[in-house]
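Peer 1: Generate coordinates for the sequence data below:
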Amino acid sequence: MGGSTGNGGLLFAILVSGMLPSTALGAAACLEFDEASLKSRLQIPALIESSGLACSRQFPDLLWSHNDSGGGPFVYAFRSDGTAMGRLELDGVDATDWEALGLGPCGDQTCLFIGDIGDNAAARSKVTIWRVPEPPAPGAGQTVRGQAEPLDLVYPEGPRDAEGLAVDPKTGDLFIVEKAFDRVASAYRIPAAAWNGSQEPFEAELVTRVSLEGGTEALLVTQADIDPTGSELFLGTYGAGYRLELLRTDGVVTDFAPALKAPVYGDGQCEAMSYSASGLRLYFTCEASPTPLAQSNCKRTRAEPEANSDPPPKAADSVGCHCGATSIAPGLCILILGSILRRRRHT
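Peer 2: This is a model prediction of the structure:
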């Protein structure tokens, strides 16, 4: 029967490829995380000022990080046990003040988004976000080269210092939260459509002003990420963590619900965090050598009863940061596959 294979053919292709989207399978929204504790120390001598962190959605137990300003155009790959897995070098890229790292959709690929957005003096006429398709880890001691695409940015009110960058897994939109010396921080949106090849700087859209409760620990947002389900934004300062539900209009994030306190790792100058691909773990890194990697586990998901002393679920995150077809029970996968094949034979 000509051309289209219908929904069954599409599902068949997805199952065979093993690349089910993280927002569709294997990811869960967590209600409560436990306290963060040290997981490992990274075996990467060159990584001494970890300022960005991203957990792969494609490759099992793979994380990425980079240095602060002056560290060169390198993004380092590693396992959650601290094992070095090589580095990605961006050709022709200046690392002026890299302060943030995100990971999310870019067209039909998954990209790393590197935020060259640091501006302590609030004096830069423009800042830049680089995006590059996420490669497999090259392996310990190895370097893989990548061609990154730049997007120059300006803010509607003029220069801003920022270190929080997050990617919406549902739309590919980016969000930047400023590093304000105040408990109210401006949050900006950069739509996925901004990557249109224009040579003119894009003006970020002011979405809202985020109010964070607390004393001095509520100042200076340095960490940001959106969970794999696209439900919430995590913001971290040097002394506190906050989780904000995303409010959407026609699928686009237009505001955040009031912030709720969340765990954060604070042993040193910690400036980076990321959700695991399942959404059931938080990872944190700090500026130190060797770099500490801390972890917080989900105590209770949205599907669990309120009063439950059982240990946190493990199955959805049993392969570290990965979220692919391995999240399907093998028997269920065979049943679905068999059903699709039977339908295809009778069409």
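Peer 1: For this structure, give me the ranges with low pLDDT.
Peer 2: Within the chain, the stretches with pLDDT under 70 are 1-26, 303-347.
Peer 1: In it, mark out all the helices, start to finish.
Peer 2: Remark: helices assigned in the chain by DSSP state H are 6-17, 330-345.
Peer 1: neighbours around the closest residue in space to residue 168 that isn't next to it in sequence, how many?
Peer 2: Leaving aside its chain neighbours, residue 168 sits nearest to residue 226 (5.7 Å; criterion: Cβ to Cβ, 6 or more residues apart in numbering). (Glycine included, C-beta is placed from N, CA and C.) Counted by other Cβ atoms under 10 Å, the residues lying close to residue 226 total 25.
Peer 1: show me the contacts for residue 226.
Peer 2: Going by Cβ atoms under 8 Å, 6 or more residues apart in numbering, residue 226 touches 104, 166, 167, 168, 169, 175, 232, 233, 234, 246, 275.
Peer 1: Break the protein into its domains for me.
Peer 2: Per automatic domain parsing, the structural domains of the chain span 1-20+328-347, 28-321.
Peer 1: most packed of those?
Peer 2: Stretch with highest mean neighbour count among the domains of the chain: domain 28-321 (a mean of 19; mean count of other Cβ atoms under 10 Å).
Peer 1: Residue 36 is in contact with residue 295, isn't it?
Peer 2: Yes. Judged on Cβ atoms under 8 Å, residue 36 makes contact with residue 295 at a distance of 6.5 Å.
Peer 1: Which neighbours do these two have in common?
Peer 2: Contacts common to residue 36 and residue 295, judged by Cβ under 8 Å, 6+ apart, are 282, 284.
Peer 1: what bridges to the residue nearest to residue 168?
Peer 2: For residue 226, the beta-bridge partners under DSSP bridges are residue 233.
Peer 1: if I look at it, how far off is residue 235?
Peer 2: 11 Å (Cβ to Cβ, to the nearest Å).
Peer 1: what does residue 48 give?
Peer 2: According to Cβ to Cβ, residue 48 and residue 235 sit 25 Å apart.
Peer 1: do the same with residue 105
Peer 2: 21 Å.
Peer 1: same deal with residue 268?
Peer 2: Counting by Cβ to Cβ, the separation of residue 268 from residue 235 is 19 Å.
Peer 1: again with residue 293
Peer 2: Applying Cβ to Cβ, the value for residue 293 to residue 235 is 20 Å.
Peer 1: next one: residue 257
Peer 2: 13 Å.
Peer 1: Pull up the overlap in contacts between the two.
Peer 2: Counting by Cβ under 8 Å, 6+ apart, the residues touching both residue 257 and residue 235 are residue 244.
Peer 1: List the beta-bridge partners for residue 89.
Peer 2: With DSSP bridges as the rule, residue 89 is bridged to residue 74, residue 145.
Peer 1: How about residue 130?
Peer 2: residue 114, residue 150.
Peer 1: ok, it - contacts?
Peer 2: Shown in contact with residue 130 (Cβ under 8 Å, 6+ apart): 90, 93, 113, 114, 116, 148, 149, 150, 151.
Peer 1: what do you get for residue 99?
Peer 2: Counting by Cβ under 8 Å, 6+ apart, residue 99 touches 51-52, 68-69, 115-118, 162-163, 165, 222, 271.
Peer 1: Do a quick rundown of the strands in the stretch 201-347 of the chain.
Peer 2: Counting by DSSP state E, counting those that start in this stretch, one finds strands in the stretch 201-347 of the chain at the ranges 202-203, 205-211, 223-226, 232-236, 241-249, 252-256, 260-262, 270-275, 281-286, 292-301.
Peer 1: Determine which of those approaches residue 182 most closely.
Peer 2: Taking Cβ to Cβ, strand 205-211 is the member of the strands of the stretch 201-347 of the chain nearest to residue 182, at 9.4 Å.
Peer 1: From the contact counts, what lies against the closest one?
Peer 2: Applying 3 or more Cβ pairs under 8 Å, 6 or more residues apart in numbering; DSSP states H and E, one finds that strand 205-211 contacts strand 184-190, strand 252-256.
Peer 1: same thing but at 6 Å, please
Peer 2: strand 184-190 (3 or more Cβ pairs under 6 Å, 6 or more residues apart in numbering; DSSP states H and E).
Peer 1: any residues touching stretch 205-218, and which ones?
Peer 2: Applying Cβ atoms under 6 Å, 6 or more residues apart in numbering, the contact partners of stretch 205-218 are 156, 183-189, 239-240, 242, 255, 259.
Peer 1: Adding distance to residue 128, write those out as a markdown table.
Peer 2: Formatted as a markdown table, the contacts of stretch 205-218 follow (distance: Cβ to Cβ, whole Å):
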| residue | distance to residue 128 |
| --- | --- |
| 156 | 17 |
| 183 | 28 |
| 184 | 26 |
| 185 | 21 |
| 186 | 19 |
| 187 | 19 |
| 188 | 14 |
| 189 | 17 |
| 239 | 29 |
| 240 | 29 |
| 242 | 27 |
| 255 | 27 |
| 259 | 28 |
